[in-house]
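Engineer: only geometry, no sequence info:
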């Protein structure tokens, strides 16, 4: 559609092209962190490696193999990702130690988290049950949480910049 | 397919290689004779592959159950945490469900195709809902008892006709659940942990008299089905008199009831008839009536008859009765289930009765067999049998055989619930601990503890006893660690026992495995001391010191060369002597004085002497020791003499 419009630049189409709704790519900046003057900004391993290291030094934060035959998951992967991430950040408030990893396998979604040991294991179990159940109502597929705990926030720090 | 490929490969081989020709020709001759037969398709369930895969792996005793998350922080260590964590997760699921039901409009989307009903909010019926016979039929199909009853009432007020078949199925549903909502099958943890408690208080009448079930029954034409449903419901919830009256009524009206209804009446015969003989007669009478009606008995009949017999007090009567029933049912080809064996055990192995080895025969009969649940009582077999192994027969080999049966095929599914499982292992451990050599017992212990079973304080006590008898002191530090993790250390009896064992049995330092034990014991003693001394004052069930306990701690600390700590503990005992019942032994004080001599602190030694004199002990020995061990100054010497002479 866009190409068609570009190829025939009539006056009316130029009028319609005034607003760009696509998000800016910011290829140079995104996924990279600026060095602080005191060099005390903590970075996790995932943050320490810029995007071009994906599949070399680090892996993807979101996986999707649900499109194979019989997987039957809806294709709105990015929106779903954002929903899951925000849901996790809100539910595990100030407990998350690193990025939420989302793995869609066939007809199910596995969400991996690293959390701090700031609440009792009983409460962790409550939240696990709650998240799994509510997300599976929302996404309408089985959802599993895979949790690892850390004693201290610093345990996940890879380096300071 | 592969056969064809093999034959073509062989053909090409034959062409290229002469050397192989003899071998090939033999192959070829068989090949010519064989024709490919495509086997008939075996129909398998959608989960057949998963089941086959699952059968290759068993329960891994080195890891916690897979319902717990595999992270050191979240692995449960005691029976209490096992229960709490599983229930907490389930309660989280319940919270999510509640949110879904209270915000229905947010969850009305349909992502899956075809839609999955389990993810959508449940239907809510109000006075204005459009209902039809189909709605009610569906609800009955899904066993939604509350909704079904609501819709039924709604249909009645709206004046919608309901046909008798539908009413009948509603009657059956209402009778089965006694018109109350059961625990949802979704919540497996709640069922796993609750069942033990639920079974215990179920034996009283809970049938709702004059409720919907009876109204429906009155509206329906009096058929065999309606009678059956109501009688079975009443029997299930122990409204026995009316069930029996209905039974008579149906006989008078010459209505043919079915086997299951007879079974349910047999099951409650102990409530209908008072004495043993009358019950037996009643039972025989019912069986005879079944015969007259040419009803074929089933496994339920066998179990119900055996249950009736097991409630009879008279030994001889019930033993002969049981044998008769078993042989007759065997003759008509009904194999007993595990539940039947459970009743047989109840009949033959009574607490005050003679010892019976019926369990040996049963195990010989069913060894290596795989069972499926046929009767609710099937889940009680393993726990009952293990109890008999421990308390009735004291036979460890039999117990091992039983344990083997439990781990055959899918038999572990019949363990029942968490309560029965823990009782099963309690008996197993209790028995092995008494009869097995400690070393072999510890192998079992290492295998099953803590992931499959965590010993209760009572079993821990038995283990400690066995350790003491065998002089296996090297196990004490390990057991103490376990006890700390299992939250047993707030049991006074256990703490006392551990201290007593450590104090009374000195490690033999010439043995290699006893090396370094004194130091470890001192650590444990110090640990116990601090655990009790630094208790939270708000705590309700507090542990308290006794003189004996403090004495044990002091002597262990002295032996472990922790003299300063020992002196501190003594000072504590001295300061609190009015609030602590009892005093340390004199021998302990002697050990302490030795320690003081080593530490060169005469003042403590003298206060030790003073303490002993104040508590009516003979201080002469202590005084001697002090005089010999120290070069005392005048003040001290005068004090010692004064204390001893005062006596």
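Structural biologist: Received the coordinates, thanks. Owing to the predicted nature of the structure, the values given are computational and were not obtained by experimental measurement.
Engineer: roughly how far is the host helix or strand of residue B:166 from the heart of the chain?
Structural biologist: Counting by DSSP states H and E, the element that carries residue B:166 is helix B:164-177. A distance of 35 Å separates the C-alpha centroid of helix B:164-177 from that of its chain, computed with Cα atoms, centre = their mean, to the nearest Å.
Engineer: And that helix, what does it pack against?
Structural biologist: Counting contacts by 3 or more Cβ pairs under 8 Å, 6 or more residues apart in numbering or on different chains; DSSP states H and E, helix B:164-177 is packed against helix B:133-141, helix B:145-158, helix B:212-219, helix B:224-236. Yep, even glycine has a C-beta here, placed from its N, CA and C like the rest.
Engineer: Return the most buried member of those helices.
Structural biologist: helix B:224-236 (a mean of 23; mean count of other Cβ atoms under 10 Å in any protein chain shown).
Engineer: Contacts for it next, please.
Structural biologist: Helix B:224-236 is contacted from outside by B:168, B:171-172, B:174-176, B:178, B:207, B:213-214, B:217, B:220, B:240, B:242-243, B:246-247, B:249-250, B:255-258, B:260-261, B:264-265, B:267-268, using Cβ atoms under 8 Å, 6 or more residues apart in numbering or on different chains.
Engineer: average pLDDT across that helix?
Structural biologist: Helix B:224-236 shows an average pLDDT of 89 in the prediction.
Engineer: Give me the next element, helix or strand, following that helix.
Structural biologist: Using DSSP H and E, the helix or strand that follows helix B:224-236 towards the C-terminus is helix B:240-252.
Engineer: in that following helix, what counts as buried?
Structural biologist: B:240, B:242, B:243, B:244, B:246, B:247, B:250 (16 or more other Cβ atoms under 10 Å in any protein chain shown).
Engineer: now do stretch B:440-460
Structural biologist: In stretch B:440-460, counting by 16+ other Cβ under 10 Å, buried: B:441-442, B:444-445, B:448-451, B:453-456, B:459-460.
Engineer: tell me the secondary structure for residue A:114?
Structural biologist: Recorded secondary structure, residue A:114: strand (DSSP: H, G, I helix; E, B strand; the rest coil).
Engineer: isn't it right up against residue A:153?
Structural biologist: No - with contact defined as Cβ atoms under 8 Å, residue A:114 does not reach residue A:153; the gap is 10.2 Å.
Engineer: Return every residue with contacts to both of these two.
Structural biologist: Joint contacts of residue A:114 and residue A:153 (Cβ under 8 Å, 6+ apart) are residue A:97.
Engineer: Which residue of those two possesses the greater neighbour count?
Structural biologist: Shown here are residue A:114 and residue A:153; by other Cβ atoms under 10 Å in any protein chain shown, residue A:114 has more neighbours (20 against 13).
Engineer: can you point me to the longest helix in the chain?
Structural biologist: All of this refers to chain A. helix A:121-139 (DSSP state H).
Engineer: ah, I was thinking of chain B
Structural biologist: Ranked by residue count, the top helix of chain B under DSSP H comes out as helix B:79-102.
Engineer: Tell me the spacing between residue B:395 and residue B:453.
Structural biologist: Applying Cβ to Cβ, to the nearest Å, the value for residue B:395 to residue B:453 is 20 Å.
Engineer: if I pick residue B:315, what's in contact with it?
Structural biologist: Applying Cβ under 8 Å, 6+ apart, the residues near residue B:315 are B:350, B:353.
Engineer: Distance-wise, check it relative to residue A:63.
Structural biologist: With Cβ to Cβ as the criterion, residue B:315 and residue A:63 are 68 Å apart.
Engineer: where does the chain have its least confident helix or strand?
Structural biologist: As the question left the chain open, I've gone with chain A. helix A:2-7 (a mean of 48; mean pLDDT, DSSP states H and E).
Engineer: Residue of chain A closest to chain B, please.
Structural biologist: residue A:129 (2.7 Å; Cβ to the nearest Cβ).
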